[in-house]
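J.: return a 3D structure for these sequence lines:
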Amino acid sequence: MVLRIPLRRSASFTPDHQPGVEVPTSTPLKMEANVVVLGGDSVGKSALTVRFLTRRFIGEYGDMEFVYTHTLALEGKEILFHIWDFPCSQVRADESSSEDKRIQWADAFVLVYSICDRASFNSLQPKVQGIKAAKEGTNQDKVPIVIVGNKRDLHHRRAVSSEEGRLLALSMDCEFYEVSAAEAYHGALMVFHGLAERICESKLALKKGMGIRSIVKSVSAVFARKRTDSM
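T.: Predicted coordinates for the structure are as follows:
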C-alpha cells in the first residue's frame, strides 16, 4: 500500500555550505520550479534526491512520497525547487492518472535509470515522449529534462553503457549525467545544477517568446486600425 502525503506537507533541507556555488553580492533574481523525479523501482530516485538535499546517502526507502523544498543559488539567481519524490512505481489501477497528475504539476523533470538495469533504461524514451507531448507547445517551448544514469559505482554490473545514455539524451534534447548517489554528493549537485540551468534557459526563451508575440500583436493592431481609418 502506498501512503500518500498531501502536497502541502513539505520538508525543507538547506545544507550549511555548497562547494562550487557562487554567493551573489547583489540581490539575486528569484524563481520557483516544480520538479518531478521519475524512474523505475530501485534505480535510486530517492537516494539521488536526498543526497542533493542533505549530502547524506540513505540506501533504503519506504513507499512514501514527499514534496521537498530547497533553494539553490546559481549565477546570481535563487531557484526555489519544489521536488516531488515518488519512490514507488508499483503498478496500480490509478498509476496512469497519478503520473499524468505529476507531469501536469511539474515544470521540469529528472528521469533516473540504473546502469545495471536495462529495463529501467528502455522505459525512459516513452516517458520523455509522453512528457514532451503533454508539456511542449502549451506554456513553454522546451521542457527542462535531465536523464540520469545512477549506480555508476557498480560498473562491474553495468548493463547500459555511458554512450547509450548520452545518445538517448542527445536524441531527445535532454541533459545527461551518469553518477553514483551512493559514492558522492557532487554528482547529485551537478544533476540539479544542470536542471536549474535548463529551467533558466526555458523561462528566458518563454519570456522572449511572449515579448515577440506582444510586439506582433501590437503591430497587427496598428495595421488593423489603419485599414479601418482608410475605409
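
J.: report the beta-bridge partners for the residue most central in space within the chain.
T.: Centroid-nearest residue in the chain: F109, 2.6 Å away (criterion: Cα atoms, centre = their mean). Beta bridges link F109 to V36, I145, judged by DSSP bridges.

J.: OK, contacts around it?
T.: V35, V36, V37, L38, I103, I131, V143, P144, I145, V146 (Cβ atoms under 8 Å, 6 or more residues apart in numbering). No exception for glycine: its C-beta is placed from N, CA and C like everyone else's.

J.: and it, what's its pLDDT?
T.: Model confidence at F109, given as pLDDT, is 97.

J.: ok, of the contacts of F109, which one's closest to H82?
T.: V35 (6.8 Å; Cβ to Cβ).

J.: helices of the protein, start to end?
T.: Using DSSP state H, the helices found in the chain span residues 45-54, 95-105, 118-122, 124-135, 162-171, 185-230.

J.: name the stretch among these that sits most buried.
T.: The highest average neighbour count among the helices of the chain, using mean count of other Cβ atoms under 10 Å, belongs to helix 45-54 at a mean of 24.

J.: from the contact counts, what lies against that one?
T.: The contact analysis (3 or more Cβ pairs under 8 Å, 6 or more residues apart in numbering; DSSP states H and E) places helix 45-54 against strand 29-39, strand 66-74, strand 77-85, strand 108-114, strand 145-150, helix 185-230.

J.: C-alpha coordinates for the first one, CSV please?
T.: What follows is the C-alpha trace of strand 29-39 in CSV, where atoms were taken according to Å, rounded to 0.1, in the frame of the first residue of the first chain:
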residue,chain,number,x,y,z
LEU,A,29,16.9,37.0,-9.1
LYS,A,30,14.4,34.6,-7.6
MET,A,31,12.3,32.0,-9.4
GLU,A,32,10.4,28.8,-8.5
ALA,A,33,10.2,25.5,-10.3
ASN,A,34,8.2,22.3,-9.6
VAL,A,35,10.4,19.2,-10.3
VAL,A,36,9.3,15.6,-10.5
VAL,A,37,11.8,12.7,-10.1
LEU,A,38,10.7,9.7,-12.2
GLY,A,39,12.1,6.3,-12.9
